[in-house]
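Q: Sequence first, predicted model second:
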Amino acid sequence: MNKYIAELFGTFWLVLGGCGSAVLAAGFPDIGIGLLGVSLAFGLTVVTMAYAIGHISGCHLNPAITIGLWAGGRFDAKDVLPYIIAQVIGGIIAGGVLYVIATGQAGFDVVGSGFAANGYGEHSPGQYSLIAALVSEIVLTMMFLIVVMGSTDARAPQGFAPLAIGLCLTLIHLISIPVTNTSVNPARSTGVAIYVGDWAVSQLWLFWVAPIIGGILGAIVYKAIAGKEEA
């Protein structure tokens, strides 16, 4: 059970740290951290958790990564569903903690604020279409999985994977926050969407389907370009 509990706490930290920065700090008067700060916050959650629990669970924190690693032959099929359940539970708990904190401010409107939920069309920060959101989430998750597999390959320089993966997630957010508020992670999307309800839940399907497709494509691409078997 240790690895499942590690995934729960790791995903909790990712959603609380990343979405928390967006909800509580991004637009704070005068000293708001903005897009760059939120992007960095998501990256930092992965870096810190990779060093904290990577040796316990592998620090997936993301159903799309878990499925992608399985598709790439790096992960046992029997652990896929338990990992995903743990990740989603961790995300939902984090969303609940963030809800309690955010609503401690007088007048805070969870639905009106968006609560860092992912969306497309009128619910995209930049009003991007469903197709744009779908392509963005597939391609960026694919690249994320390639970086995850490449940096953790036995032939790669050792000890630097957490930094590469965290910086990759930061870059992904810099690219796609205007498009979808950046998901590339179904657990992260679910963790806040259920507190918004309404449109966030009705659009949640895309933020499960697209990242999972992207994760599988990333595994296929990496296996094709990696060449010889890993040591």
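A: Everything's here; your move.

Q: Helix, strand or coil: sort out the closest residue to Tyr83 other than its chain neighbours for me.
A: Excluding the flanking residues, the one nearest Tyr83 by Cβ to Cβ, 6 or more residues apart in numbering is Thr66, at 4.6 Å. Using the backbone N, CA and C atoms, a C-beta is placed for each residue, glycine as well. Per DSSP: H, G, I helix; E, B strand; the rest coil, the secondary structure class of Thr66 is helix.

Q: Gly215 contacts Thr141, doesn't it?
A: Yes. With contact defined as Cβ atoms under 8 Å, Gly215 reaches Thr141; the gap is 5.5 Å.

Q: what is in contact with the two at once?
A: 64, 68 (Cβ atoms under 8 Å, 6 or more residues apart in numbering).

Q: picking that back up, quick one: residues contacting the residue nearest to Tyr83.
A: 60, 75, 79-80, 83-84, 87.

Q: same question, Phe108
A: Ala102.

Q: Name the SS class of it, please.
A: Once three-state DSSP is applied, Phe108 turns out coil.

Q: Same question for the one 10 residues further on.
A: Under three-state DSSP, Asn118 falls in the coil class.

Q: related to what we said a few turns ago, look up how far Leu81 lies from the residue nearest to Tyr83.
A: Separation of Thr66 from Leu81 (Cβ to Cβ, to the nearest Å) stands at 9 Å.

Q: Then Cys168?
A: 26 Å.

Q: between these two, who's got more neighbours?
A: Cys168 (22 against 11; other Cβ atoms under 10 Å).

Q: Show the contacting residues for the more buried one.
A: Taking Cβ under 8 Å, 6+ apart as the test, what Cys168 contacts is 43, 143-144, 147-148.

Q: In helices, which of those fall?
A: 43, 143-144, 147-148 (DSSP state H).

Q: What lies in contact with the worst-scoring helix or strand of the chain on mean pLDDT?
A: Counting by mean pLDDT, DSSP states H and E, the chain has its least confident helix or strand at helix 110-113, which shows a mean of 90. Helix 110-113 is contacted by residues 23, 99, 102-103, 195-198 when judged by Cβ under 8 Å, 6+ apart.

Q: Whichever of those residues end up buried, select them in ChimeraX.
A: Provided next is the ChimeraX selection string for whichever of the contacts of helix 110-113 are buried by 16 or more other Cβ atoms under 10 Å:
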select :23,99,102,195,196
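
Q: Between the contacts of helix 110-113, which sits nearest Phe12?
A: Nearest to Phe12 among the contacts of helix 110-113 is Tyr99, at 13.5 Å by Cβ to Cβ.

Q: Identify the residues contacting the residue nearest to the closest one when sequence neighbours are not counted.
A: Counting by Cβ to Cβ, 6+ apart, Tyr99 lies nearest to Tyr195, which is 5.0 Å off, once chain neighbours are set aside. Taking Cβ under 8 Å, 6+ apart, we find Tyr195 in contact with 95-96, 99, 110, 115.

Q: just these: which has the poorest pLDDT?
A: pLDDT across these is lowest for Val110, at 93.

Q: how much space is there between that residue and Ser202?
A: Taking Cβ to Cβ, one finds Val110 at 16 Å from Ser202.

Q: Please apply the same query to Trp70.
A: Relative to Ser202, and taking Cβ to Cβ, Trp70 is found at 29 Å.

Q: I'd say Gly214 and Leu134 touch.
A: No. Counting by Cβ under 8 Å, Gly214 does not reach Leu134; the two are 9.9 Å apart.
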